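>>> any chance you can model this:
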Amino acid sequence: MTINYLNQTFPPPPFDEEVEQIQYFRDLYDGNHGNIFPRAQEFAAQTVQTLARQYRKSKRLYYKRNAQQLAEKNASASHYVIVNFASVIAELPADLINRSLGNISADTESDNQLLEFVQNVSSVSKLDQNIWAAIVQHQVDGGVAYRIRRDGKGTWFEWKPADLYFEHEDGLGADISWIENRDKDKYLRVERQRLEENQLQISQLVFSMEGDTVKKEIDIKEYAQQYNLSIPDEQVLQGINELMCGYLPNDETLLTPRGRSGLRNIDLIQEEINWTITRDSVVFDKHGKPKLAIPRALWDSVANKNKSYYGERFVRNADLEVVSYDEKNGAVPMYITWNAQTEQSFKHVERLIDFMMAISKTSPQAAGLSTDGGGRSAIAILYEWIQSVIKAEAIKDKFDRAIKDAIRKCTILENALSGTNYSIEAPVIEWADMLPKADSERDDEEGNKYEKGVQSLETTVRNLHPTWSEKAIMAEVEKIEEEQAKDSFSPTFIQPPKAKVGVTGDNE
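A predicted model of the protein is given here:
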């Protein structure tokens, strides 16, 4: 059962509510908290009103006539403070997994063509460059999709946001849909993949739109010709019984199979953190600046002089650069400073941050909190970061399966369209440790593994020199093996016991 787009708003039900949630968490991650938090919106509105009143009181005619527009333009520079821990929570797993991604290779040692093909898929897909963004989107949106493609560069796959991937209700197909703006016109593009009778059908659709409503379907060839686009023709791939796309949910449940955002349950805590810091910032700005207090007699004296010069009684700081004081009564100008008691407010923010880290399964040390000086071993850091590492390991396992599945599907598509006969197997992905280690600590660990016989020499050299080329690694392995062979051949020359050689009759 396919998805009907005609005469409906996009995105179509039942995905519209999910996409609305995705947009909410994207605003939370990006720091656009004025779009989602009521107190931020109210604060911005009050700031606009205050600025507008100030502009209307100005003596400049331009400010008076454009008071509202100028206020809305400059309201962004208000005191609302955003300390966005949501971005840290979403990006930390991506940072850990991104640095641990290693080499990707076909699971064979003899098929050089397959080895080269898998290497080309990984290179064209720019997996090492795009995996960080895919993981962040996976955490923010609650899932991420991928699509297999084939063009002049070869066969490869790309990551797609969750709000562009809509699976069919019967589980036999999926649509990857996106909006294209051409001049003043708006169109909905759809790549539909459908499994029917032991074959995969891939078709391209395009619809015209008015606002958010899909109006009518347009011939795809006319659309491509009109805007000079290269759009593939409809394809029917015989013998293929799986889609050339897929979806990777985050923290899915039986009730939410498409996954849930990694930022859920922390949005209200984030708002409270922002508001507490904003409230303190407003108070600091209002009362934190030292104020100059002068005797009443001095104020009257300076104000009367200004009235004679300017027609109004007022006192400026510049008027008090050099003043006299009452020698008899000791009345001199003095600064009044505000002694604020903010410890309870700061402790409240710290408690909120601790709650946020606990709910999101993020270690405070990993987020840059609760740290002290001094060097630590990798094991010590691991125990401090253990919660974040466990969370990142679970996400890594999901992406490991998704990447293997995507590359395996690239092999299927290549065999179907190019006539090759590659073995349909998942590739091998090497993952390094997520946490950094000192060189000496890493060297000792790799050496112990090799000496105990649980790791080969080639793997040891590869782990010790991750930036080396294959040629350099194999040359180093051969050199070490030659040195070991020389050291094992160490003969000991043992001289025979000394003996007297002579004729027995000579001694007689």
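
>>> where in this structure is pLDDT low?
59, 74-78, 285-290, 317-342, 370-383, 437-439, 441, 487-508 (pLDDT under 70).

>>> secondary structure class of the nearest residue to Leu243 once chain neighbours are set aside, three-state.
Nearest residue to Leu243, sequence neighbours excluded (C-beta to C-beta, 6 or more residues apart in numbering): Gln193, at 4.9 Å. All C-beta atoms are positioned from the backbone trio N, CA, C, and that covers glycine. On the three-state scheme (DSSP: H, G, I helix; E, B strand; the rest coil), Gln193 is labelled strand.

>>> got the contact list for Gln193?
Contacts for Gln193 (C-beta atoms under 8 Å, 6 or more residues apart in numbering) come out as 173-176, 200-202, 243-245.

>>> over to Arg264?
Phe25.

>>> now do the lengthiest helix in the chain: distance to the chain's middle.
Of all segments of type helix in the chain, defined using DSSP state H, the longest is helix 386-418. Its chain's C-alpha centre and that of helix 386-418 lie 18 Å apart, by C-alpha atoms, centre = their mean, to the nearest Å.

>>> contacts for the helix or strand just after that helix next, please.
Note on helix 386-418: by DSSP states H and E, the next helix or strand toward the C-terminus is strand 428-431. For strand 428-431, contacts defined as C-beta under 8 Å, 6+ apart pick out 100-107, 396, 400, 403-404.

>>> repeat that for 10 Å
97, 100-108, 118, 122, 127, 393, 396-397, 399-401, 403-404, 407, 459, 462-463, 466 (C-beta atoms under 10 Å, 6 or more residues apart in numbering).

>>> whichever of these end up buried, select them in PyMOL.
Buried residues among the contacts of strand 428-431 (16 or more other C-beta atoms under 10 Å), as a PyMOL selection:
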select buried, resi 97+100+101+104+105+106+108+118+122+127+396+399+403+404+407+459+462+463
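
>>> surely Gln238 touches Asn415?
No: the pair Gln238 / Asn415 is not scored as a contact, 11.6 Å apart, by C-beta atoms under 10 Å.

>>> the two: who's more crowded?
Under the neighbour definition other C-beta atoms under 10 Å, Gln238 and Asn415 were set side by side, and Asn415 has more, 18 against 9.

>>> just the buried positions in stretch 118-128, please.
118, 120-122, 124-125, 127.

>>> hey, C-alpha coordinates of that stretch in PDB?
Extracted in PDB, the C-alpha atoms of stretch 118-128 (Å, rounded to 0.1, in the frame of the first residue of the first chain):
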ATOM      1  CA  VAL A 118      34.100  -1.900  -1.500                       C
ATOM      2  CA  GLN A 119      37.000   0.500  -1.100                       C
ATOM      3  CA  ASN A 120      35.500   2.700  -3.900                       C
ATOM      4  CA  VAL A 121      32.000   2.600  -2.300                       C
ATOM      5  CA  SER A 122      33.500   3.800   1.000                       C
ATOM      6  CA  SER A 123      35.500   6.500  -0.700                       C
ATOM      7  CA  VAL A 124      32.700   7.800  -2.900                       C
ATOM      8  CA  SER A 125      30.200   7.700   0.000                       C
ATOM      9  CA  LYS A 126      32.700   9.800   2.000                       C
ATOM     10  CA  LEU A 127      31.800   7.700   5.000                       C
ATOM     11  CA  ASP A 128      34.600   9.100   7.200                       C
END
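
>>> relative to the whole chain's centre, how far out is stretch 97-108?
On C-alpha atoms, centre = their mean, the centre of stretch 97-108 falls 19 Å from that of its chain.

>>> and the strands in the stretch 251-400 of the chain?
Remark: strands assigned in the stretch 251-400 of the chain by DSSP state E, counting those that start in this stretch are 291-293, 334-336.

>>> quick one: Asp185 from Glu210, how far?
10 Å (C-beta to C-beta, to the nearest Å).

>>> typo on my end, it should be Val190
For Val190, the distance to Glu210 - C-beta to C-beta - is 17 Å.

>>> which of those two has more neighbours?
Val190 (20 against 10).

>>> tell me the secondary structure at the more buried one.
Val190 ends up strand, using three-state DSSP.

>>> quick revisit: tabulate the buried residues of stretch 118-128 (a markdown table), appending secondary structure and distance to Ser308.
As requested, these are arranged in a markdown table below (DSSP: H, G, I helix; E, B strand; the rest coil; distance: C-beta to C-beta, whole Å):
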| residue | secondary structure | distance to Ser308 |
| --- | --- | --- |
| Val118 | helix | 90 |
| Asn120 | helix | 87 |
| Val121 | helix | 86 |
| Ser122 | helix | 83 |
| Val124 | helix | 82 |
| Ser125 | coil | 80 |
| Leu127 | helix | 79 |
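
>>> I'd like these written out as a markdown table, with distance to Arg60 added.
Below are these laid out as a markdown table (distance: C-beta to C-beta, whole Å):
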| residue | distance to Arg60 |
| --- | --- |
| Val118 | 68 |
| Asn120 | 65 |
| Val121 | 64 |
| Ser122 | 62 |
| Val124 | 59 |
| Ser125 | 58 |
| Leu127 | 58 |
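
>>> just these now: which is nearest Leu28?
Of all those, Leu127 has the smallest distance to Leu28: 27.6 Å, by C-beta to C-beta.

>>> that closest one touches Trp156, doesn't it?
Yes: assessed by C-beta under 10 Å, Leu127 is found in contact with Trp156 at 9.3 Å.
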